[in-house]
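Colleague: Any chance you can model this:
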Amino acid sequence: MRWRLRGIVLLVWAGSVAAAQDDLPYEVLLLARSKERMRQALSQVLNYTCLETIQRLARGRHANAFTPLDTVLLEVSTVSSMGNKELLAWPGARRFEDADPSSFVSGGLMGTGVFALFARTVFLNTATTIRYYGDEEMSGRPLARFDFRVPQVWSGYRITANGASATVGIAGSFWIDPASLELVRMEVRADEIPAALGLERAVTDIDYARMRIGNSDVLLPQDAKMVLMLFSGEVRLNDIAFSHCHEYSAESSIRFDMPDPGVPFSTPPVRRVDLPAGLMVSIALETAIDSTTAHVGDILRGHVSGDVRGKGKAIVIPKGAIVTGRIRGLERAHSPGAAFNLTIELTELEWETTSAEFYGELLLKGPARVEGTRGPHAPPIPGTGVLRLTGTQFHVPAGFRMSWRTLEPNQSLKRSR
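Modeller: Down below sits the predicted model:
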């Protein structure tokens, strides 16, 4: 009862703008500032879409290891008119649906909320109770931990399992960087689970980082793990990654003035094209990557180092076309002889008045080893490649050349319906 009352007090104080800041305890002031920071970040997430790759695995009651079941690729988004819901679509469909996840897959376990719903519920919902737990260190980084709870009636968290679907409450923790006030990680546990779901426990861990999309730096989830424990003793794991995030918008305007004939016409609109699969693209980085200064989300820029020809020898991508992407992951490797796993994600190609979305696989190049997986079972994320770099530090110089082969978004990963 004591912590619950304290959590309510924290919530009220954190929402009070009139309170004198100098009189507030450290944890209350930190929560108030981080909530305001999250309000700004979540307002940016509206009208963004990302490719969500879900690798589903299972472990039997007496088994020691997980067995891959299938891979599901979906476009996920949330829009301003339906900010409390996540919308789904098949990759390339460009038409989002306010539908239950079970309508996209046959069988298995699925849940919503990872992309934006959990964060919106915890930080924007007045029904959320929050309490300060204390300071903790995570991967050598000092963070402040807060615990929270949201009743089922306000959570919006829906789980589908064993042919049943239900909304459950949520409880858990989130970790804030006190210096930047940014959300770093969130752990969400399902609460008030109906017996019909056959679930003993459901836990989701989400890691967040800022990424550059267009002209904005946007805080978005990078990856997540959803673990579901059944009463039967079986465990299901959804290994989730987000990539190829884009901003979309629709604008219209009416003008009643006549254009000035002395003003030149604007440049022609950019033509969007689709790249065929199987193109061999040589790319030279223009952005150096150094382990002492690089961060997840940093923008990468390069150019195509030679004409790319398709069938019939016609030029599909001209030499000099600009390619952009970002650092998708930067982790210290655990295997012997490897110091870092550097994940590179390429998303866009541009030349003259033409642009194209880029999906591809990174091929072996130079002294670095190229890996195609995110873990012992996880498949490659379309459009990314992992360089395993040795040494206590690394430096990838500008001019570093990579070879990529274009793919259809679902060519190498069979999706389940």
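
Colleague: CA atoms for contacts and neighbours, from now on please.
Modeller: OK.

Colleague: And the helices in the chain?
Modeller: Per DSSP state H, the chain carries helices over the ranges 2-15, 26-45, 117-124, 152-155.

Colleague: mean pLDDT for the ones you listed: which is lowest?
Modeller: The minimum mean pLDDT among the helices of the chain belongs to helix 2-15 (a mean of 36).

Colleague: Tell me where the chain is predicted with low confidence.
Modeller: For the chain, the stretches with pLDDT under 70 are 1-22, 79-84, 92-95, 97-112, 214, 248-268, 297, 332-338, 364-382, 409-417.

Colleague: Apply 50 and report the result again.
Modeller: Scanning the chain for pLDDT under 50 picks out 1-20, 83, 250-261, 263, 265, 366-379, 410-417.

Colleague: Domains in it, by residue range?
Modeller: 2-247, 272-406 (automatic domain parsing).

Colleague: Pro318 and Gly312: what is the separation?
Modeller: Using C-alpha to C-alpha, to the nearest Å, Pro318 is found at 15 Å from Gly312.

Colleague: Ok, Asp274 next?
Modeller: According to C-alpha to C-alpha, Asp274 and Gly312 sit 17 Å apart.

Colleague: Between the two, which is the more surrounded one?
Modeller: Neighbour totals were compared for Asp274 and Gly312, and Asp274 leads with 10 against 6 (other C-alpha atoms under 10 Å).

Colleague: Look up the closest residue to the more buried one, ignoring the ones flanking it.
Modeller: Residue nearest to Asp274 in three dimensions, not counting chain neighbours: Ala356, with 6.0 Å by C-alpha to C-alpha, 6 or more residues apart in numbering.

Colleague: cool, Val153 as well?
Modeller: The spatial neighbour of Val153 that comes closest, neighbours along the chain excluded (C-alpha to C-alpha, 6+ apart), is Gly169 at 7.1 Å.

Colleague: Roughly how far does the residue nearest to Asp274 sit from Leu46?
Modeller: 23 Å.

Colleague: before we move on, what about Ser305?
Modeller: 36 Å.

Colleague: Also Arg210?
Modeller: Taking C-alpha to C-alpha, one finds Arg210 at 15 Å from Leu46.

Colleague: Kindly report the same for Val114.
Modeller: In terms of C-alpha to C-alpha, Val114 sits 14 Å off from Leu46.

Colleague: what about those two, which has more around it?
Modeller: Using other C-alpha under 10 Å, the more surrounded residue of Val114 and Leu46 is Val114, with 25 against 19.

Colleague: contacts for stretch 209-227?
Modeller: Under the contact criterion C-alpha atoms under 8 Å, 6 or more residues apart in numbering, stretch 209-227 has outside partners 41-42, 44-45, 114-116, 183-184, 201-208, 235-243, 245-247, 296-299, 326.

Colleague: How about stretch 346-360?
Modeller: With contacts defined as C-alpha under 8 Å, 6+ apart, stretch 346-360 is touched by 244, 268-275, 318, 320-326, 382-384, 404-409.

Colleague: returning to that earlier point: now restrict the contacts of stretch 209-227 to buried residues only.
Modeller: Among the contacts of stretch 209-227, those that count as buried by neighbour count (16 or more other C-alpha atoms under 10 Å) are 41-42, 44-45, 114-116, 183-184, 202-208, 235-243, 245, 296-299, 326.

Colleague: out of those residues, which are inside strands?
Modeller: Among these, the ones falling in strands (DSSP state E) are 183-184, 202-208, 235-243, 245, 299, 326.

Colleague: hang on, the earlier thing: and the residue nearest to Val153, what are its bridge partners?
Modeller: Gly169 forms beta bridges with Asp191, as assigned by DSSP bridges.

Colleague: Do I have it right that it meets Arg158?
Modeller: No: Gly169 is not in contact with Arg158 according to C-alpha atoms under 8 Å; the separation is 9.1 Å.
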